[in-house]
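[1] my questions concern the predicted model and sequence given below.
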Amino acid sequence: MTHANFSLTGPALAVGIVVYGFFAAGSAALAVIDARTKLLPNRIVFPLYGAGLAGFGLIVAILHDGAAVRHLVTAVVAMAVLYGLFYLLAMFGPMGYGDVKLAGVLGLYLGWLGVAVVFAGVLLGTLAAALVAVGIVAVRAVRRRPWRGLEIPYGPYLLAGAWAAILLDFRA
């Protein structure tokens, strides 16, 4: 795991792999559950916050490095900003509180990698959800089926966008 002037090696790399492995497992579980039930359970979402904060904090402690501290600060700020933004959107729109909690998690894990990764992940996830929604509405309209009030889970698309941004390496 590298970033500009920042590279994880040795024990810090091992911690990073475990942290993102935990995020991967949680992401898979949340995507399936949200797709099936339109719910993002606290028993999965909240431990992702704890694992990310503890893991990234441990990396900072291992490295004793200013760059690592900046990554942690960026991650925490991204977590708070996305949580707050999605909270405001949920107050006035059809988004659920589970998506708000998930947005904070995404801010944490994407923010560790950089602001560009946060933007890319949220943008890719939102575009994917929008494309699927337009496709579903179009198919239902052609078949003369009602589409108003149709609920589409946002979590799987946000998670797919996050992982696309991580894997496509949108870091600056």
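    That came through, no problem. Numbers count the residues shown, from 1 in each chain.
[2] for this protein, what spans make up the strands?
    2-3, 6-7 (DSSP state E).
[3] compare the ones you listed and say which comes out lowest on pLDDT.
    Of all the strands of the chain, the minimum mean pLDDT falls on strand 2-3 (a mean of 50).
[4] so what's the one residue sitting closest to the centre of the chain closest to, chain neighbours aside?
    Nearest to the mean C-alpha position of the chain, by Cα atoms, centre = their mean, lies L106 at 2.4 Å. In this structure, L106 finds its nearest non-sequential neighbour in A162, 5.0 Å apart by Cβ to Cβ, 6 or more residues apart in numbering. Any C-beta I mention is one placed from the backbone N, CA and C, and that applies to glycine too.
[5] farthest residue from the center of this structure?
    Largest centroid distance in the chain under Cα atoms, centre = their mean is R144 at 35.2 Å.
[6] show the pLDDT at it.
    At R144, the model reports a pLDDT of 78.
[7] and what of L48?
    Value listed for L48 in the pLDDT field: 99.
[8] that one: how many residues sit nearby?
    The number of residues packed near L48 is 24, by other Cβ atoms under 10 Å.
[9] and I166, what is it in contact with?
    By Cβ atoms under 8 Å, 6 or more residues apart in numbering, the contact list for I166 reads Y20, Y109, L110, L113, V117, G121.
[10] which one among these gets closest to L30?
    Checking these against L30 with Cβ to Cβ, the nearest one is Y109 at 12.3 Å.
[11] for that closest one, report the pLDDT, please.
    We have a pLDDT of 98 for Y109.
[12] show me what contacts the residue lying closest to it once chain neighbours are set aside?
    Counting by Cβ to Cβ, 6+ apart, the nearest residue to Y109 once its immediate chain neighbours are dropped is F23, at 5.1 Å. Contact analysis of F23 by Cβ under 8 Å, 6+ apart lists L48, A51, G52, V105, Y109.
[13] do V15 as well
    Neighbour list for V15: L8, G55, L58, I59, I62 [criterion: Cβ under 8 Å, 6+ apart].
[14] top of those by neighbour count?
    Highest neighbour count within the contacts of V15, by other Cβ under 10 Å: I59, with 23 neighbours.
[15] ok, now which ones touch it?
    Applying Cβ under 8 Å, 6+ apart, we find I59 in contact with L8, A12, V15, G16, V19, A68, L72.
[16] I'd assumed G57 was in contact with the fifth one.
    No. In this structure, V19 sits apart from G57 without contact. The criterion is Cβ atoms under 8 Å, and the distance is 10.2 Å.
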